[in-house]
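Chemist: coords please:
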Amino acid sequence: MITEGKAQMITNKKDYIYKDLTYRVIGCLYVVHKELGNVHKEIIYHKALAIELKSKNIAFVDEKSIDVKYKGKKIGAYRPDFIIEDKVILEIKVSPAITRAMQDQVYFYVKGTKYKLVLLANFGTSKVGIKRLIYS
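Modeler: Sure, this is the predicted structure:
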């Protein structure tokens, strides 16, 4: 659980939303990590993922602005790395680990939006780390 039950990590495959889509996206993450390893900056993985997603015919928009609101008023914008098929947010990190703070940060970015699933991918380790976060 994250942030008082507002987000949860789902590990039971029968509970997955957008199961087929995320399976394909995760496959792209593995291909990119296998090819590039864990030594690059975030922008390198971002560019490589764009190429890989296109090659798999997965529709996406990169760095689309999403409004951040407070009491119904826009106070800023969040620009996720990718929005996949207008359903899933894909956020890329390069870090020794995916931390609770990273997960909470993504929660606050998507809070109040129509997006309910975030893939948080970390390329900073020997194996790509992926957290599947569902927000309700």
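Chemist: For beta bridges, what are the partners of the spatially most central residue of the chain?
Modeler: Nearest to the centroid of the C-alpha atoms of the chain, with distances taken as CA atoms, centre = their mean, sits residue 90, at 2.4 Å. In this entry, residue 90 is beta-bridged to residue 82, residue 119, by DSSP bridges.
Chemist: pretty sure it is touching residue 64, no?
Modeler: No: in this structure residue 90 lies outside contact range of residue 64 using CB atoms under 8 Å: 11.5 Å. For glycine as for every other residue, the C-beta is placed from the backbone atoms N, C-alpha and C.
Chemist: list the residues that contact both of the two?
Modeler: Here residue 90 and residue 64 have 80, 83 as joint contacts, going by CB atoms under 8 Å, 6 or more residues apart in numbering.
Chemist: if I read this right, residue 120 contacts residue 98, doesn't it?
Modeler: Yes: with contact defined as CB under 8 Å, residue 120 and residue 98 form a contacting pair (5.8 Å).
Chemist: so what sits against both of the two?
Modeler: Looking at what touches both residue 120 and residue 98 (by CB under 8 Å, 6+ apart), the common residues are residue 131.
Chemist: Next up, the contacts around the residue nearest to the centre of the chain.
Modeler: Listed by CB under 8 Å, 6+ apart, the contact partners of residue 90 are 25, 49, 60, 80-84, 118-119, 121.
Chemist: and if we set it to 7 Å?
Modeler: By CB atoms under 7 Å, 6 or more residues apart in numbering, the contact set of residue 90 is 25, 81-82, 84, 119, 121.
Chemist: Go through the residues you listed and name the one nearest residue 109.
Modeler: Distance to residue 109, by CB to CB, is smallest for residue 81 among the contacts of residue 90, at 11.3 Å.
Chemist: The closest one: what's it in contact with?
Modeler: With contact set as CB under 7 Å, 6+ apart, residue 81 has these partners: 46, 62-63, 90-92.
Chemist: repeat that for 10 Å
Modeler: Residue 81 makes contacts with 42-43, 45-46, 49-50, 60, 62-64, 89-93, 119-121, as judged by CB atoms under 10 Å, 6 or more residues apart in numbering.
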